[in-house]
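# Quick one: sequence plus predicted model below, questions after.
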Amino acid sequence: MIEEKNGKLYCIGYAQFLRNLKGEKEPLFLKLQADVNRLSENGTASYLRLIKIQHALIDILNHFDPNCVRFPEERRSYVNYLRPGAES
C-alpha cells in the first residue's frame with residue numbers, strides 16, 4: 001500500500017488500493033481471489049487457507065493495535081476450523 005511519487009514514498013488509501021488491485025496480476029492476489037471465488041461457489045474449497053489468512057489478520061491487529069483503539073476487541077474473533085455444515 002505504498003507508492004512512489006517524485007522520489008518519495010507515500011501510503012495509499014484503501015480506495016486507491018482497491019483501484020490498483022483491479023488490474024493486478026500478482027500471483028498471490030490471483031490465488032487468494034481464486035480461493036475466495038471457489039469458497040463462494042461450493043462453500044468448502046480453500047476453506048483452511050482462508051481461515052489461516054483470517055487468523056493472521058487478527059494477529060496483525062493484535063500486534064499493531066494491542067489496546068483495541070482502532071479496531072474493537074469484540075470484533076476480533078478467530079473463525080473456527082470447522083468446515084461449513086460440519087457438526088460442532
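Good, I have the coordinates.

# what's the neighbour count on Asn62?
Neighbour count for Asn62, taken as other C-beta atoms under 10 Å: 13. All C-beta atoms are positioned from the backbone trio N, CA, C, and that covers glycine.

# pretty sure it contacts Ser77?
No. The pair Asn62 / Ser77 is not scored as a contact, 11.7 Å apart, by C-beta atoms under 8 Å.

# Which residue is the nearest non-sequential neighbour of His55?
Tyr78 (5.3 Å; C-beta to C-beta, 6 or more residues apart in numbering).

# what do you get for Tyr81?
Per C-beta to C-beta, 6+ apart, closest to Tyr81 is Ile51, 6.0 Å.

# on contacts alone, who are the packing partners of the helix or strand harbouring the one you found?
According to DSSP states H and E, Ile51 maps onto helix 47-64. With contacts taken as 3 or more C-beta pairs under 8 Å, 6 or more residues apart in numbering; DSSP states H and E, helix 47-64 sits against helix 27-42.

# and the helix it packs on, how far from the chain's centre?
Here helix 27-42 is found 12 Å from its chain centre; the criterion is C-alpha atoms, centre = their mean, to the nearest Å.
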